[in-house]
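1. Fold the following and give me the result.
(chains A and B)
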Amino acid sequence: MINTLMLIDDENLFHLVFEDACSILDMALSFEALDSSDEANKMFKKWFPDDPDHERPECVFVDLNIIGSSFDGIEMIRKINYEYGDNCVIGIISSSEDEKEIERAKKVGAQFWIIKSDDIEPRLEEFMEDYDDYKVKKAPFKIYR
Amino acid sequence: MIEVTEHTRDVLLEVAKKRKIYVEGSFLKILKAPKGDKEFEDYLKLCKEKDVTTRKKRLEVTKQVQQQNKELVTKQEETDALMEELQEALEAAKNAEWEAEKLRDEAEKGKEQALEDLDLMQKRSQFELIGTIVRVALVIIIGVGIVTTIMYGLAILSGQDTQIIGSTWSNMFGILLTNAFSIVGTIMGVKYASEKDS
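-> This next block holds a predicted model:
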């Protein structure tokens, strides 16, 4: 089970869907949802290098296009991986299947790409099967369709 | 994991029994029953089942709302596209109306032009007819005048009685001149009337 899970997505309704799906699948102990990458950036900046009073998330799901934010999900991943320590499992959750964007995400160190759709639970279940390998950075980049 | 104390356990079980209030959410995941406490284990199991059922229901509803939102967005996009098409059609109709108006004006002008041409042609035909009548009348007048004058001249030259022919020539000449002036007057009148009409 994931200790702390974070979702960065501008769609508030999806926060509820994701939280309930995670809870039903017993995926995480705690869950935090943010609706902007700027807010997430501030939090990671605060946590970096290490804040003993705040536990940083163990796994982060980032939406590709975060409306109302200064930068998109891929840039967020780049910042977390290259500026804030690279010590969490991180990937994209998006309805897009754009090959160029997937390549961009891979380049900045995204570990997975989950296609967002109405039926998200089977993909999250499959993701959880691979999770331990993601934690030790053993699993190759994977797209969950 | 948090192992609950006996007092907390008793309170939780009592609240569940009497008020039907159960622990839910993430907190439930870190609670642990004391070893061998079957009753509290069952309680935690029931709490989890209730929590999952509630979340499943909420997930279903949220997904439906999400789906409806998507449909609304799609319909809004379709409506916007239709409105745009409608606007374009309206614009095209306005242009067509303007074109039709322009063509009607041109047709009106063409009709007026045709009527003017027709009028002109009619007048021209009338003048040609009048011209022909005048020429024929003048030929007759001059012809009769010449014939009468020749006959009168021959009568004078041959020494015959010229009284009758003389009065006839004189009367004839007078009548011919009168008729000639009458014709010229009529022509002038017709011409004046035609010019006034146009």
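2. residue ranges with poor pLDDT in chain B?
-> B:194-198 (pLDDT under 70).
3. so where do the strands sit in it?
-> For chain B, the strands defined by DSSP state E cover B:2-3, B:31-32.
4. List the contacts of the last one.
-> Strand B:31-32 is contacted by residues B:1-4, B:23, B:44 when judged by CB atoms under 8 Å, 6 or more residues apart in numbering or on different chains. (Glycine included, C-beta is placed from N, CA and C.)
5. which SS state does the residue of chain A found nearest chain B fall under?
-> Residue of chain A nearest chain B, by CB to the nearest CB: A:Asp20 (4.0 Å). Assigned state for A:Asp20: helix (three-state reduction, DSSP: H, G, I helix; E, B strand; the rest coil).
6. For it, report the pLDDT, please.
-> As predicted, A:Asp20 sits at a pLDDT of 91.
7. List the contacts of it.
-> B:55-56, B:58-59, B:62.
8. One more pass at 6 Å, please.
-> Counting by CB atoms under 6 Å, 6 or more residues apart in numbering or on different chains, A:Asp20 makes contact with B:55, B:58-59.
9. quick one on the thing from earlier: just the buried residues of the contacts of strand B:31-32.
-> B:4, B:23, B:44 (16 or more other CB atoms under 10 Å in any protein chain shown).
10. phi, psi of the residue lying farthest from the centre of chain B?
-> Each residue of chain B has a distance to the centre, and by CA atoms, centre = their mean the biggest one is for B:Gly159: 92.6 Å. Note on B:Gly159: its backbone torsions stand at phi 70, psi 20 [degrees, to the nearest 10].
11. Give me the nearest residue to the residue of chain B found nearest chain A, chain neighbours excluded.
-> Chain B approaches chain A most closely through B:Leu59 (4.0 Å), counting by CB to the nearest CB. Taking CB to CB, 6 or more residues apart in numbering or on different chains, and ignoring the residues beside it in sequence, B:Leu59 has A:Asp20 as its nearest neighbour in space, at 4.0 Å.
12. if we can go back for a sec, need the contacts of A:Asp20 in CSV (columns: neighbour count).
-> Putting those into CSV (neighbours: other CB atoms under 10 Å in any protein chain shown) gives the following:
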residue, neighbour count
B:Arg55, 20
B:Arg58, 16
B:Leu59, 20
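13. Out of those, list just those in helices.
-> Among these, the residues falling in helices (DSSP state H) are B:55, B:58-59.
14. residues in contact with A:Ile24?
-> A:Ile24 neighbours (CB under 6 Å, 6+ apart): B:52, B:55.
15. where's it relative to A:Ile120, distance?
-> 11 Å (CB to CB, to the nearest Å).
16. Quick check: phi and psi at A:Val60.
-> Residue torsions, per degrees, to the nearest 10, at A:Val60 are phi -130, psi 130.
17. does it have beta-bridge partners, and which?
-> Taking DSSP bridges as the rule, A:Val60 bridges to A:Met6, A:Ile90.
18. Please identify the buried residues of stretch A:17-31?
-> A:17-25, A:27-28, A:30-31.
19. before we move on, what about stretch A:88-106?
-> A:88-94, A:96, A:101-102, A:104-105.
20. Would you state the helices of chain B in chain order?
-> Under DSSP H, chain B gives helices at B:6-19, B:26-29, B:38-157, B:163-197.
21. picking up where we left off before, farthest-apart pair in the buried residues of stretch A:17-31, please.
-> Using CB to CB, the two most remote members of these are A:Val17 and A:Ser30, lying 17.6 Å apart.
22. Look at A:Leu5 and say how many residues are nearby.
-> Neighbours of A:Leu5 under the rule other CB atoms under 10 Å in any protein chain shown: 23.
23. wouldn't it be in contact with A:Cys59 here?
-> Yes - under the contact definition of CB atoms under 6 Å, A:Leu5 touches A:Cys59, with a separation of 5.2 Å.
24. sorry, back to before: return the member of the buried ones among the contacts of strand B:31-32 nearest to B:Thr168.
-> Distances from B:Thr168 to these, taken by CB to CB, are shortest for B:Val23, at 151.9 Å.
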